[in-house]
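*Asks:* after the sequence you'll find the predicted model.
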Protein chains: 2
Amino acid sequence: MIQARLMGRVTIEDVAERAGVSVATVDRVLNSRATVRPRNAARVEAAIRALNYQPDRLAARLARQRSYRFCFVLPRGGNIFMRDLATEIESHARHLAGERVSADILYTDIFDPEALSASLLSVSGKYDGVALVALDHPRVREAIQHIASHGAEVVTLVSDAPGAARSHFVGIENAAAGRTAATLLGRYLGGRRGKIGIIAGSLALRDHAERHFGFAQVIAAEYRDLSLLPVQEGRDNPERSMELAAGMIAREGDLVGIYNIGAGTEGIIEALQSSGRSRDIVFVAHELNEITRHALLDGAVDVVIAQDPGHEARSAMRVLMARCDKAAIIAAQERISVDIFVKDNLP
Amino acid sequence: MIQARLMGRVTIEDVAERAGVSVATVDRVLNSRATVRPRNAARVEAAIRALNYQPDRLAARLARQRSYRFCFVLPRGGNIFMRDLATEIESHARHLAGERVSADILYTDIFDPEALSASLLSVSGKYDGVALVALDHPRVREAIQHIASHGAEVVTLVSDAPGAARSHFVGIENAAAGRTAATLLGRYLGGRRGKIGIIAGSLALRDHAERHFGFAQVIAAEYRDLSLLPVQEGRDNPERSMELAAGMIAREGDLVGIYNIGAGTEGIIEALQSSGRSRDIVFVAHELNEITRHALLDGAVDVVIAQDPGHEARSAMRVLMARCDKAAIIAAQERISVDIFVKDNLP
DNA sequence: CAAGAACTGATAGGCGTATGTCAGTTTGTG
DNA sequence: CACAAACTGACATACGCCTATCAGTTCTTG
């Protein structure tokens, strides 16, 4: 092992010496703890640059004795994806116990602006960071503002609230996800002519609306032989989605594709299979889980567009931690990608 | 901020007290520093479990005064992907400077077993961890063994050497990548009948051979209307690949698809475009970079199968660090996925 | 059962930073 | 020029763990 002394690690003492001041003064500059005469402050800054001083993050966190408490606000009784997300958050929180981080999960009705904002306010002031699956609503923005102004970091997760005081959004670009679905569905159909059915949870959900927008855009622009049926809202519910899909299949003789924007995929698979037209209808769904995974292998689903809940959980925590100790975040690492899965590249 | 004392962080002192021994003994057990009577060792283990003690990794690294030195062994004069990988390694190394980690890059001819193993031996003993783009060859395995037996951790990067003493492989499953390419190409062709041209860097490269295997497997099993032309070796060179592609296009009137297993994609694009048959031939390539990115947007390439060099660089460093301080690695986080890109889900 | 071997406890000092105190020095102001 | 205000330096303590030392205790073994 090579020891640090051999590497000549630069410490605040070196900076102090070089700047001709005491370590206390360097500390005052570094942590803006008290006013320092401009001349000395400048010297310190210069010494820092000259020596390329980088504070030791390990020592800093140890000394600061900070243990970060984060709160994740998730939908109560959510779909499979949300349950997977919760599992990932718990598992990563356990892992981070050795790094002085703890995370609680608060379940609430995120579709009700009043309930969500009440939950947010109830949490305000008690945590160093809050991650929430947001609803784009004035009340919610207000609650986020409240948390932020009480000194906590806020990030939105999966679903964003663009105008709000959140410092980061951990999630995918949903319009791009919709466009991706359209391109794959269109290319898989390879020039066939016909109708495409679309099922969403609810177009009142920002992410569903955005996916629909992206999907419709690409189909209109690039696949003139395909036409879209009006969106049906299945509320992410398998039974309801099954009925909607069955209705579509029965009504439209030239149905060649289905795009499920939200959850409830198992219902649509059932409708397809019991209709006997499963092989003729290209089906694109969202999110990778036990159901869609098996469906891909069976051929019941042709393509899955997904976001990785594990990545999102870890990313949210890393971003919160980084913001809490004012460190830089690695943009490329924290970017959540629009994943495409076929039967062959499953994890 | 919530202080640690409120959280009741468990320290070795708590463990010692609970086990009825001194902290020195706990330390002896934890770091197997000297022999401890079995009875006491068992008590300590029990106390650790009972209290769910987790050593503070920050404090440990600080005290140990370790600064990890890693070496990355990459191909000299590599293709775009390898250059991107090098850039990512440098950039992440800079980022980790504040966490007592440094990384050097050593360029060598990784296709020559003698040269590669000589480079590995020259590096042996000087680093805490080595990551290399491996060649699957006895000489190389021997060199890896040598490094490992001198106390350094070894991981393979992008290309594996399965029998060797590396503790981890950071890269994709190449057979799965090949299968994925075949499925997308097959589905994009939507039942069209014809020939598929395959260009590889060299089938002597393990990753290329594996991709080819996976690709051929799926085409044979699922796309009876498609037949494969013999693999042409372009040595990852754009000019040579262009000539090979141009030849194929001219010779085979019913060429409906091209799969480029390695680099040199720009050459193939040129051949396709100057032939005027670009729109009729589905083209699947590997790795996302400026060239393939533009080609996707242009429509010159239909699908790109990729691995993320940034993820690989960060993952290699995290794995090396984790192994150096005997910490657990997060499997899901370190798994490198076979990414699929179309024009709509580009980062 | 004595002598040596094997083990254990107490303690000190260190890693690089944070935070606070207090006496001492410089600066600005009237 | 005096006096308060603003600034600075030196030092102490803490964070949790690592490493080493040394005296003291408990085991082996002949």
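*Replies:* Received, thanks. Numbers count the residues shown, from 1 in each chain, chains lettered A, B, ... in the order given.
*Asks:* residue numbers of the stretch 1-150 of chain A in contact with DNA strand D?
*Replies:* Residues of the stretch 1-150 of chain A lying close to DNA strand D (CB under 7 Å from any atom of the strand) are A:20-25, A:28, A:34-37, A:39-40, A:59, A:62-63, A:65. Placement of C-beta: from N, CA and C, glycine included.
*Asks:* and the residue of the stretch 51-200 of chain A found nearest DNA strand C, how far from residue A:57?
*Replies:* Ranking the residues of the stretch 51-200 of chain A by distance to DNA strand C (CB to the nearest atom of the strand) places residue A:63 first, at 2.8 Å. Per CB to CB, to the nearest Å, residue A:63 is found 11 Å from residue A:57.
*Asks:* looking at these two, which is more packed in?
*Replies:* Comparing residue A:63 with residue A:57 by other CB atoms under 10 Å in any protein chain shown, the one with more neighbours is residue A:57, at 15 against 11.
*Asks:* just checking, the more buried one touches residue A:322?
*Replies:* No - counting by CB atoms under 8 Å, residue A:57 stays clear of residue A:322, with 10.3 Å between them.
*Asks:* give me the element the residue in the stretch 51-200 of chain A positioned nearest to DNA strand D is part of.
*Replies:* Using CB to the nearest atom of the strand, the single residue of the stretch 51-200 of chain A nearest to DNA strand D is residue A:63, 3.6 Å away. Using DSSP states H and E, residue A:63 sits within helix A:57-64.
*Asks:* in that helix, what's buried?
*Replies:* By neighbour count on 16 or more other CB atoms under 10 Å in any protein chain shown, the buried set for helix A:57-64 is A:58, A:59, A:60, A:61, A:62.
*Asks:* now the fourth one: closest residue in space that isn't a chain neighbour?
*Replies:* Which is residue A:61. residue B:58 (5.4 Å; CB to CB, 6 or more residues apart in numbering or on different chains).
*Asks:* do the second one as well
*Replies:* Using CB to CB, 6+ apart and skipping the chain neighbours, the partner closest in space to residue A:59 is residue B:62 (5.4 Å).
*Asks:* quick check, pLDDT for the one you found.
*Replies:* pLDDT recorded at residue B:62 is 86.
*Asks:* what sits against it?
*Replies:* A:56, A:58, A:59, A:62 (CB atoms under 8 Å, 6 or more residues apart in numbering or on different chains).
*Asks:* show the contacting residues for the most centrally placed residue in chain A.
*Replies:* For chain A, the residue nearest the mean C-alpha position is residue A:171 (2.6 Å; CA atoms, centre = their mean). The contact partners of residue A:171, by CB under 8 Å, 6+ apart, come to A:156, A:157, A:158, A:159, A:160, A:207, A:307, A:312, A:336.
*Asks:* so which of these are in helices?
*Replies:* A:207, A:312 (DSSP state H).
*Asks:* in CSV, list the contacts of residue A:171 along with pLDDT and neighbour count.
*Replies:* Formatted as CSV, the contacts of residue A:171 follow (pLDDT from 0 to 100; neighbours: other CB atoms under 10 Å in any protein chain shown):
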residue, pLDDT, neighbour count
A:156, 96, 26
A:157, 96, 27
A:158, 95, 25
A:159, 91, 20
A:160, 92, 23
A:207, 91, 25
A:307, 98, 22
A:312, 97, 22
A:336, 97, 19
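*Asks:* so residue A:44 versus residue A:327, what's the distance?
*Replies:* Distance check for residue A:44 against residue A:327: by CB to CB, it reads 20 Å.
*Asks:* cool, residue A:260 as well?
*Replies:* Distance from residue A:260 to residue A:327, by CB to CB: 40 Å.
*Asks:* what's the answer for residue A:97, then?
*Replies:* Separation of residue A:97 from residue A:327 (CB to CB): 20 Å.
*Asks:* in what helix or strand does residue A:269 lie?
*Replies:* Going by DSSP H and E, residue A:269 is part of helix A:265-275.
*Asks:* next SSE downstream of that helix?
*Replies:* Immediately after helix A:265-275, counting by DSSP H and E, sits strand A:282-286.
*Asks:* below-threshold pLDDT in the stretch 151-300 of chain A: ranges please.
*Replies:* Counting by pLDDT under 70, the stretch 151-300 of chain A contains no low-confidence residues.
*Asks:* get me the contact residues on it for chain B.
*Replies:* A:176-177, A:179-180, A:182-184, A:187-192, A:214, A:218 (CB under 8 Å from any CB of the partner chain).
*Asks:* weed out the non-buried ones from those.
*Replies:* The neighbour-count criterion (16+ other CB under 10 Å) marks A:176-177, A:179-180, A:182-184, A:187-189, A:192, A:214, A:218 among those as buried.
*Asks:* of all the residues you listed, which two lie farthest apart?
*Replies:* Farthest apart among these by CB to CB are A:176 and A:192. That separation is 24.7 Å.
*Asks:* tell me the pLDDT of residue A:5.
*Replies:* Listed pLDDT for residue A:5 reads 31.
*Asks:* the strands in chain A, which residues?
*Replies:* A:68-75, A:101-108, A:129-132, A:153-157, A:168-170, A:194-200, A:226-228, A:232-233, A:255-260, A:282-286, A:303-306, A:339-341 (DSSP state E).
*Asks:* now these as JSON lines including distance to residue B:274?
*Replies:* Compiled in JSON lines, the strands of chain A are given as follows (distance: least, CB to CB, whole Å):
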{"stretch": "strand A:68-75", "distance to residue B:274": "54"}
{"stretch": "strand A:101-108", "distance to residue B:274": "57"}
{"stretch": "strand A:129-132", "distance to residue B:274": "52"}
{"stretch": "strand A:153-157", "distance to residue B:274": "48"}
{"stretch": "strand A:168-170", "distance to residue B:274": "44"}
{"stretch": "strand A:194-200", "distance to residue B:274": "36"}
{"stretch": "strand A:226-228", "distance to residue B:274": "32"}
{"stretch": "strand A:232-233", "distance to residue B:274": "47"}
{"stretch": "strand A:255-260", "distance to residue B:274": "35"}
{"stretch": "strand A:282-286", "distance to residue B:274": "33"}
{"stretch": "strand A:303-306", "distance to residue B:274": "32"}
{"stretch": "strand A:339-341", "distance to residue B:274": "30"}
